[in-house]
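> no sequence on this one, just coordinates:
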């Protein structure tokens with residue numbers, strides 16, 4: 001593990017590579033940086049179904065390239081009574097035969113247990129950028145880079161967005177009576193806090209007058 005502190009972290013290697021390249025373009029001493037992949041996982045991608053025909057073709061192709069390589073090498077550096085073209089052709093034929101034989105034997109031994117072809121790769125869940133020197137400068141330069149998962153980077157921005165969304169939801173949420181403070185009430189009349197404290201009731205109907213009418217006096 002290289003010495004230093006983590007200044008940024010990304011989900012993919014191209015993002016981490018882009019971050020280091022950006023620091024290099026800005027004149028940062030990138031010789032003090034390291035890209036470290038963590039949480040390694042082996043991924044096996046299935047490419048197809050294995051059959052006798054595919055085993056023969058695969059063995060012949062791999063043997064052809066191997067025979068071509070050794071034939072050309074012997075034609076260049078090895079003394080031979082044969083011509084260069086004949087030597088290369090012989091090596092190619094031998095490579096195809098041996099490659100096909102090995103592939104067919106291997107398929108016969110694993111048939112029924114592994115009837116598919118695949119490619120394997122080791123990948124990391126995250127890629128951290130470690131700085132041995134100028135840690136603060138590197139962290140500050142990478143804090144606003146998209147994809148940065150460390151504090152102050154993409155994670156901080158996402159947390160701030162979630163916090164703002166929750167605050168907006170609380171501010172605009174309906175009250176217990178089903179309406180917002182700035183809306184017209186659905187039932188009755190809304191009473192303010194001051195009116196509730198002083199015991200005033202809104203829009204009370206006027207009491208009938210106790211003064212007898214003129215007609216009754218007459």
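That came through, no problem. The model shown is predicted, which means the values in this text are computed figures rather than measured ones.
> which strands border the helix or strand residue 125 falls within, and is each parallel or antiparallel?
Taking DSSP states H and E as the criterion, residue 125 maps to strand 116-131. According to DSSP bridges, strand 116-131 has the following sheet partners: strand 5-10 (antiparallel), strand 33-49 (antiparallel).
> among these, which is nearest residue 63?
strand 33-49 (19.6 Å; CB to CB). In short, each C-beta sits where N, CA and C put it, glycine included.
> what helices or strands is the helix or strand that that closest one is followed by leaning on?
Reading on from strand 33-49 to the C-terminus, the next helix or strand found by DSSP H and E is helix 52-77. With contacts defined as 3 or more CB pairs under 8 Å, 6 or more residues apart in numbering; DSSP states H and E, helix 52-77 has these neighbours: helix 84-110.
> give me the mean pLDDT for the helix it packs on.
Taken as a whole, helix 84-110 has a mean pLDDT of 87.
> and stretch 143-154, by the same measure?
For stretch 143-154, mean pLDDT is 76.
> do the same with stretch 26-46
On average, stretch 26-46 scores 91.
> list the contacts for residue 64?
92, 95-96, 99 (CB atoms under 8 Å, 6 or more residues apart in numbering).
> typed the wrong thing, it's residue 55
By CB under 8 Å, 6+ apart, residue 55 lies in contact with 103-104, 106-107.
> what's the local residue count around residue 39?
8 (other CB atoms under 10 Å).
> list the residues that contact it.
By CB under 8 Å, 6+ apart, residue 39 lies in contact with 124-126.
> wait, isn't residue 74 in contact with residue 87?
Yes: the pair residue 74 / residue 87 is scored as a contact, 5.8 Å apart, by CB atoms under 8 Å.
> neighbour count winner among those two?
residue 87 (20 against 17).
> nearest spatial neighbour of the more buried one, chain-adjacent residues omitted?
residue 75 (4.9 Å; CB to CB, 6 or more residues apart in numbering).
> again, but for residue 101
Spatial nearest neighbour of residue 101, excluding adjacent residues (CB to CB, 6+ apart): residue 59 at 7.2 Å.
> how about that neighbour, what does it touch?
99-104.
> state the distance from it to residue 66.
Noted for residue 59: a distance of 11 Å to residue 66, by CB to CB, to the nearest Å.
> now residue 35
Look at residue 35 and residue 66: by CB to CB, they are 34 Å apart.
> thinking again about what came up before, give me the neighbour count for the residue nearest to residue 87.
Neighbour tally, residue 75, other CB under 10 Å: 17.
> any idea how far residue 96 is from it?
Separation of residue 75 from residue 96 (CB to CB) stands at 17 Å.
> and if you look at residue 163?
Here the criterion is CB to CB. By it, residue 163 lies 66 Å from residue 96.
> neighbour count winner among the two?
More neighbours surround residue 96 than the other of residue 163 and residue 96, with 20 against 10 (other CB under 10 Å).
> so who does residue 21 touch?
Residues in contact with residue 21 (CB under 8 Å, 6+ apart): none are found.
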